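# Kindly return the folded structure for what I paste below:
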Amino acid sequence: MQRNRLSVDGVRFEPAVIEGNVNVLETPNFVMVKRSWQPDQEAQACPLCKCKFGGLKRRHHCRQCGLVVCNKCCNEKIPLPQLGIEEPEKICESCRPVTAAVTRSRSHMASMQLQAAEELAGMCKDSRQLGKIFEFGGFHTLLAQSKVHLDTPNMEIMAHIISALHTLSTYEPVQDYMVSIGILRGICLILEKVPGDKEQILLDGISTLCIYCKSKTYLSKVLETGGLQVVLRLCCNTSDTVVLMSVSTLSMLVENPSTHTAIIDGDKAALQRMLKLAAAESPQMQAVALKCLNYLSMGTDWNKHRIIQEDFTAGKPMKTALQTETFNMQVWANAACLVANLATSTEDQAPLSDCLDCMMKLLRSDITNVDLLSHITRGLANFARFPQNSSRVGSVLPVLVSKCLKHTDKTISKHALRAILHLLVNQTDNTITELLIEGASEVFKNIVGTLDMTDAMFSVLQDLCPDMARPL
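Next comes the predicted model:
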C-alpha cells in the first residue's frame, strides 16, 4: 500500500495508514495497516546497535516497524491492538516508547490512559520522536482519545491531549496531513464540550485553532468544521485571557466575508460582546475587538446599521474608545478607522454625532501618528459628504488645512482635499471665506497635482463646453 512521505527538520517518515473508516473520531479503536517486513537478506547489521548479524547475533523482525533488528534491541513484547494483535509481540527499542503509549491508551484503567496521554504529550515535544508519533499511531491516538474523554470526561487526560495536539500543530510540514485526518473537527469538539472554567485546556485549544486560522489554506476548513461558532462562544468566557485569545482568532476569521452574516444576524450577543470589549480596560483587548468590528464595517450597509444600532444599546463603546486616554495608538487608530467606515452610512448620521465630535477633538489635539491622522481625516471627509454635518466639520477647516492638507503624507492630504470639496459643495460661502484667509493655494495645488482629478474636470468641462463648435 502506498504511503505518504512527510519530512520535519530533515527527518523523513511515512505516517500510519488506517484500515476502513479513517475518521478516528468515529472509530477510536482504529486498526492500522501493518508495515511490510524487511527481507532478512537485506539486513547485514542491526540498525540500532550497528552489530553485524551472524551465528551469535540472530535476526528478529519488529512487529511494529517491520525492520530486522538483533535480540538485544528487540527483547520486549507488547500487545498491539492498534495492529489488530491482542497477544504480546516483539517490539524494537526504537518503536517501543510510542507503541507502548498507544497500547496503554486502549486500557480500561484510567491510570493507564492518563500515563499514555502524558507520555505522548512529552514525546510530541521531542523532535527525535516526532516521526514515530505519526508512523506508529500516536497522533491518531491523541485525536481518537480526545473524543473518548469528552464523552466520559477526564479533564486531566484531556489537558495532556490538547497540549500534545497544540505542539504537533506548530510543525508546518505535518499540518496538511493532520487536517486531512480531522484535527480541526477534533479541536472544535474539544472547545465545544470542555467546561468554561478549564482555562488552560481552552487556551491550548483556541491557540491550536489560531495556528490554522493564520493560513488562508486552512481558514475555510476551520469555518466548515464549526470554528466560527466555537470562537464566538469563547468570546463570552469569564477568563480575560481566553477572551483575548478568542477575539484575536476571531479577527482572522472575520477577514472572510462569509462569516459576517453569522455574527451580525446569527448571534446578536456576539456583536454586542465585541462592542463592549472595544471599551475594555485592556488596550490590547480594545485594539483586537475594534479590528474585528472594522472588518464587519467593510461589508453591507446593513452591517454598518447593525453595528451602530448595537453600539447605542451597549452604551456607546465606540465613543468611549475614542475618548479613552491611551498610549496605545492602535486603539485610537482602530476606533477612528471603524467610525470612518461607518460614516459612509446614509441613514445613520445622527447616531454617529458623538463620534464625529470625538474625531474633531482628536484632530485639534497634538497627535502626530500618521495612521491615526489618516483615519481621522478620512472620517471627516466621509462625514462632510452629508449636508447636516457641514457646519460642524467646517468648524475644523483651518486645522484640516494646516494639519492635513499640507501634510507630507499624500493619503492624508488627499482625504483633506476630499473633505474640503464636500464642504465647498454643501457650505459654499463659508468655506470660500475660510479658504481665502488660508488654504486656497493649497487646495489648488492639490487639485492640479492630482492628475486623475484634473483629467476628470477637463472631461466634464469638455462635455459642457466643447472646444469645437458650429457657427451661430
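
# ok, the residue nearest to Gln349 when sequence neighbours are not counted - contacts?
What sits nearest to Gln349 in space, not counting adjacent residues and going by CB to CB, 6 or more residues apart in numbering, is Phe386, at 5.3 Å. (C-beta placed from N, C-alpha, C; glycine too.) Listed by CB atoms under 8 Å, 6 or more residues apart in numbering, the contact set of Phe386 reads 346, 349, 426.

# Among those, which one sits closest to Asn71?
Asn71 lies nearest to Thr346 out of those, by CB to CB, at 83.8 Å.

# Can you report how many residues lie near the closest one?
Counted with other CB atoms under 10 Å, the neighbours of Thr346 add up to 10.

# what do you get for Met112?
15.

# Go ahead and confirm it touches Arg104.
Yes. If you go by CB atoms under 8 Å, Met112 and Arg104 touch, sitting 4.8 Å apart.

# May I see the contacts of Phe386 organised as JSON lines, with distance to Lys77 and secondary structure added?
Below are the contacts of Phe386 laid out as JSON lines (distance: CB to CB, whole Å; DSSP: H, G, I helix; E, B strand; the rest coil):
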{"residue": "Thr346", "distance to Lys77": "78", "secondary structure": "coil"}
{"residue": "Gln349", "distance to Lys77": "79", "secondary structure": "coil"}
{"residue": "Asn426", "distance to Lys77": "88", "secondary structure": "helix"}
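
# Point out the least confident one among those.
In this model, the minimum pLDDT among these belongs to Thr346 (91).

# Report the contact partners of that residue.
When contacts are counted by CB under 8 Å, 6+ apart, Thr346 touches 301, 386.

# I'd like to know how far the closest residue to Arg104 other than its chain neighbours sits from Gly137.
Excluding its sequence neighbours, the residue lying closest to Arg104 (CB to CB, 6+ apart) is Ala116, at 3.9 Å. Per CB to CB, to the nearest Å, Ala116 is found 11 Å from Gly137.

# Glu442 too?
Per CB to CB, Glu442 is found 71 Å from Gly137.

# and the two? which has more neighbours close in?
Using other CB under 10 Å as the criterion, Glu442 and Gly137 rank with Gly137 on top: 28 against 19.

# I would like the residues contacting stretch 217-228, please.
Contacts of stretch 217-228 with the rest of the structure, by CB under 8 Å, 6+ apart, involve 175-176, 179, 184-185, 188, 192, 209, 212-213, 252-253, 255-256, 258-259, 262-263.

# ok, now stretch 437-444?
Contact with stretch 437-444 is made by 397-398, 401-402, 405-406, 417, 420, 435, as judged by CB under 8 Å, 6+ apart.

# Give me the buried subset of the residues you listed.
Applying 16 or more other CB atoms under 10 Å to the contacts of stretch 437-444, the neighbour count classes 397, 401, 405-406, 417, 420, 435 as buried.

# nearest to Ala43, of the residues you listed?
Nearest member of those to Ala43, counting by CB to CB, is Leu417, at 79.8 Å.

# Let me know whether the closest one touches Leu405 as I believe.
Yes. Leu417 lies in contact with Leu405 (CB under 8 Å); the separation is 6.4 Å.

# Which residues are in contact with each of the two?
Jointly contacting Leu417 and Leu405 under the rule CB under 8 Å, 6+ apart are 443, 446.
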